[in-house]
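Q: missing the sequence, but the structure's below:
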């Protein structure tokens, strides 16, 4: 079976029929909408956030359709699916990619672009070639390289050797990882790296498995560097100043400014020409992402305890069910409380 | 001044290619110049070298963003850092920064759209522009196959910049188009340098086949037999991909598809792999080839018929830049002209679309001054493509036309569409005539460009008795299997450790 199928099985299990299957698509794509960000937190799926950005909707549909055909999942109406017994068995007997950490490593594509340019430049230094066309076009990546060369206090000709031994050292202890997936994509002196499609073909992998595997390696690499920064004299530069993931959407950031100035929600909606429900979405985002954001002004303590109690009791995060059992709370209040409780296990 | 020594000094070449020296001499003598140089003979050198010798800035107008990026990179590769491309790739902040420091740059590439932005033009007016270069100058003429309305304003812009010395460059332009270029740029005294469009080392070969299935078999046969590397051109992304998979799966050669639907990173890699000899054959749409500097391409196969002779010459002109014998093969099946006709039609808005637009606009999208309010919503609702919508905008936004009444405007647009379509169909028809020709194919092309064929080319065309066997590969070893599989450690060592240096 494909890794992507296993991941979808896992996500469906976590979602527990409470979201459509497309919420998984948005999650894998890393869509920066309130809904997707909330789902990632609520259902403990943060590690899969944005791990497959090139996935198209057509491919996603194809994958899920084939999962239905193989009788791993079954629809329960309204674009919702649940695991069949054989789907459950598969999930229990197979291992998810070990190093994937989507939420914390949202800067991964930047690390790849840096690594790819670093290797190309090091390689051309080694072979004393000054005329070549950089394989990475992004100007920020070029600026990063310049600042690296400024700060690197070693011989430029030695760069190749160091990068080589650091990469070998890094991959030495890797379990369940095939470095080929990454290495053959690197470009060097007079040697152009392969595309994802070509690499997948070379190592005989399905393209979806390849994409997940490639990311898994990068996440392994990042984790390894973070754990032993002193061991990787050059590679440590790859993760220098990677933007700390900004968890808030642009629009919600503006709402927060108004909120900090003491405007009530209705007023903010009016001033910003937005629906009240949108502003409420933003507040739920704050509850999820901002440590120490207090929801007490919107839900009193007593009600918070009640909502959590019912959620635990019914073992659900479905708003409708909670609401039916607690008519005094609004949907907005329930969402806020659930968001605030976040990843904390409820049982 | 010895131009050759300057050439050696700056670029490391020993001698000029056909026409280059004439153009450069004319420019350095301060004469406006229109140069028609064959594809693949180094047109850019004609402004690169004078640029280094002249004081002041060189402004180069270039129609294609990707081409501009390529040229900037080529400059940087030669160590020239004072070069910038002013186009929509720049962020607002970057653009601001560049505009404040324009005088620091020697070579400024700019797209025609950017030139029509008022404050950019104001910034350019403060420079000392010593050479105004119009690259792909055939875009100026509406008789050019690639007419761009923005280009037709270049004459006026040139005046506003104080009539600088001008160089207009093109690879393929008929006499009519060349006259149009001169008139549009309003240059009274101009030196015309027409190097021949002919590339004598490229032979022509047309083959008629009953249908596409036979074409596929034939391509496999040709690729197996011909000397590589080569490019196969298609009009559709899907057929390019199919053929690439076929060639790979059958292990005929190392092949990849290349088209505009692929992500930018993969496109860069595939282009570079081809240039570095890691691929033998590219199955491409016309998106491939601009700015590719590869000397040893041995064959160009056209699986589909191009839209006009000019594009055909551009595409086959990528073969044989090293001067060695190369072959251009076109495969034709009955009815093949339908595809280019459909493409031509899809590039223009239909009369129904225009009709719908004006009805809709009359009801609710009129500005207070009576002009039509074009917004993107109308574009989506009316099913206009980007190219179609640009044509609409060009007419509706044209200050010379806005005062007229809507009925008249609609008429003008419809007339334009009809005329353009007729023009394009005539081009396709002429291309087909070339395919069906029973007389020398080279002579046909000479005739189209009002040139005289002076002497017989030895390996001319199928009509003149060219033999495909002459282009057969001499090496019998297939490139596909004989590369030993290396593991990732070996690959990493190969690129990062230089064994020769260690010993």
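A: Ah, there it is. Remember, predicted model here, so these are calculated numbers, not experimental data.

Q: Off-centre distance for whichever strand or helix holds residue B:68?
A: Using DSSP states H and E, residue B:68 sits in helix B:65-77. The chain centre lies 14 Å from the centre of helix B:65-77; the measure is C-alpha atoms, centre = their mean, to the nearest Å.

Q: Please apply the same query to stretch A:99-112.
A: Put simply, stretch A:99-112 sits 7 Å off its chain's centre (C-alpha atoms, centre = their mean).

Q: which residue packs closest to residue 14, ignoring adjacent ones?
A: Picked chain A for this. Using C-beta to C-beta, 6 or more residues apart in numbering or on different chains and skipping the chain neighbours, the partner closest in space to residue A:14 is residue A:43 (4.4 Å). All C-beta spots, glycine's among them, are computed from the backbone N, C-alpha and C.

Q: Please refer instead to chain B.
A: residue B:8 (6.4 Å).

Q: right, and the helix or strand after the helix or strand hosting the one you found?
A: Element membership for residue B:8, per DSSP H and E: helix B:3-11. Using DSSP H and E, the helix or strand that follows helix B:3-11 towards the C-terminus is helix B:20-28.

Q: hang on, the earlier thing: the residue nearest to residue A:14: neighbour count?
A: By other C-beta atoms under 10 Å in any protein chain shown, the residues close to residue A:43 number 20.

Q: Repeat that for residue A:53.
A: 13.

Q: pLDDT value on residue A:244, please?
A: For residue A:244, the pLDDT comes out at 54.

Q: what's the answer for residue A:116, then?
A: On pLDDT, residue A:116 comes in at 97.

Q: Tell me the secondary structure at residue B:133.
A: Following DSSP: H, G, I helix; E, B strand; the rest coil, residue B:133 is assigned to strand.

Q: Surely it and residue B:61 touch.
A: Yes - the pair residue B:133 / residue B:61 is scored as a contact, 6.7 Å apart, by C-beta atoms under 8 Å.

Q: the more surrounded of these two?
A: Per other C-beta under 10 Å, whichever of residue B:133 and residue B:61 has more neighbours is residue B:133, with 29 against 26.

Q: does any bit of the helix holding residue B:68 sit next to chain A?
A: Yes - Helix B:65-77 is in contact with chain A by C-beta under 8 Å from any C-beta of the partner chain, via B:69, B:73, B:77.

Q: what about the closest residue to residue B:492 other than its chain neighbours, how many neighbours?
A: Distances taken as C-beta to C-beta, 6+ apart put residue A:183 closest to residue B:492, at 5.3 Å, once the chain neighbours are dropped. By other C-beta under 10 Å, 22 other residues sit near residue A:183.

Q: Let me see the backbone angles for the residue in the stretch 351-500 of chain B that chain A sits nearest to.
A: Nearest residue of the stretch 351-500 of chain B to chain A: residue B:495, at 2.7 Å (C-beta to the nearest C-beta). When read as degrees, to the nearest 10, the backbone of residue B:495 gives phi -90, psi -20.

Q: Return the residues of chain A in contact with chain B.
A: Residues of chain A found near chain B (C-beta under 8 Å from any C-beta) are A:54, A:119, A:122-123, A:126-127, A:130-133, A:135, A:137, A:139, A:157, A:160-161, A:163-164, A:167-168, A:179-180, A:183-184, A:186-198, A:201.

Q: same thing but at 6 Å, please
A: Counting by C-beta under 6 Å from any C-beta of the partner chain, the residues of chain A lying close to chain B are A:123, A:126-127, A:131, A:133, A:160, A:163-164, A:179-180, A:183, A:188, A:191-192, A:195.

Q: Now the most centrally placed residue in chain B. Nearest residue, chain neighbours left out?
A: Centroid-nearest residue in chain B, with C-alpha atoms, centre = their mean: residue B:290, separated by 5.2 Å. Leaving aside its sequence neighbours, residue B:290 sits nearest to residue B:67 (C-beta to C-beta, 6+ apart; 5.0 Å).

Q: Run a quick neighbour tally on that neighbour.
A: Residue B:67 has 17 nearby residues by other C-beta under 10 Å.

Q: same question, residue A:54
A: Neighbours of residue A:54 (other C-beta under 10 Å): 11.

Q: again with residue A:129
A: Number of residues near residue A:129 (other C-beta under 10 Å) recorded here: 12.

Q: Now it. Nearest residue, chain neighbours left out?
A: Residue nearest to residue A:129 in three dimensions, not counting chain neighbours: residue A:189, with 5.5 Å by C-beta to C-beta, 6+ apart.

Q: ditto for residue A:195
A: residue B:266 (4.2 Å).

Q: cool, residue B:260 as well?
A: Using C-beta to C-beta, 6+ apart and skipping the chain neighbours, the partner closest in space to residue B:260 is residue B:287 (4.3 Å).

Q: returning to what we had before: please report the distance of the residue nearest to the centre of chain B from chain A.
A: Distance of residue B:290 to chain A, given as C-beta to the nearest C-beta, to the nearest Å: 15 Å.

Q: Can you tell me the SS state at that residue?
A: Assignment for residue B:290 (three-state DSSP): coil.

Q: What parts of the stretch 351-500 of chain B come near chain A?
A: So the stretch 351-500 of chain B meets chain A at B:488, B:491-492, B:495-498 (C-beta under 6 Å from any C-beta).

Q: So which of the residues you listed belong to helices?
A: Counting by DSSP state H, the part of these found in helices is B:488, B:491-492, B:495-496.

Q: quick one: pLDDT of the residue of chain A most remote from its centre?
A: Going by C-alpha atoms, centre = their mean, the residue of chain A most distant from its centre is residue A:128, 39.0 Å out. On pLDDT, residue A:128 comes in at 90.

Q: again with residue A:342
A: So residue A:342 comes in at 66 (pLDDT).

Q: can you pull out the strands in chain A?
A: Assigned by DSSP state E, chain A shows strands spanning A:73-75, A:81-83.

Q: Most tightly packed of those?
A: strand A:81-83 (a mean of 19; mean count of other C-beta atoms under 10 Å in any protein chain shown).

Q: ok, that strand: who's next to it in the sheet?
A: Partners of strand A:81-83 in the sheet, by DSSP bridges, are strand A:73-75 (antiparallel).

Q: so how far is the strand it pairs with from its chain's centroid?
A: Mean-position distance between strand A:73-75 and its chain equals 25 Å (C-alpha atoms, centre = their mean).

Q: Identify the residues contacting that strand?
A: Strand A:73-75 is contacted by residues A:67, A:81, A:83-84, A:87 when judged by C-beta atoms under 6 Å, 6 or more residues apart in numbering or on different chains.

Q: in stretch B:375-389, what's buried?
A: For stretch B:375-389, a neighbour-count test (16 or more other C-beta atoms under 10 Å in any protein chain shown) marks B:378-379, B:382, B:384, B:388-389 as buried.

Q: Stretch B:228-237 too?
A: Going by neighbour count (16+ other C-beta under 10 Å), the buried part of stretch B:228-237 is B:228-235, B:237.
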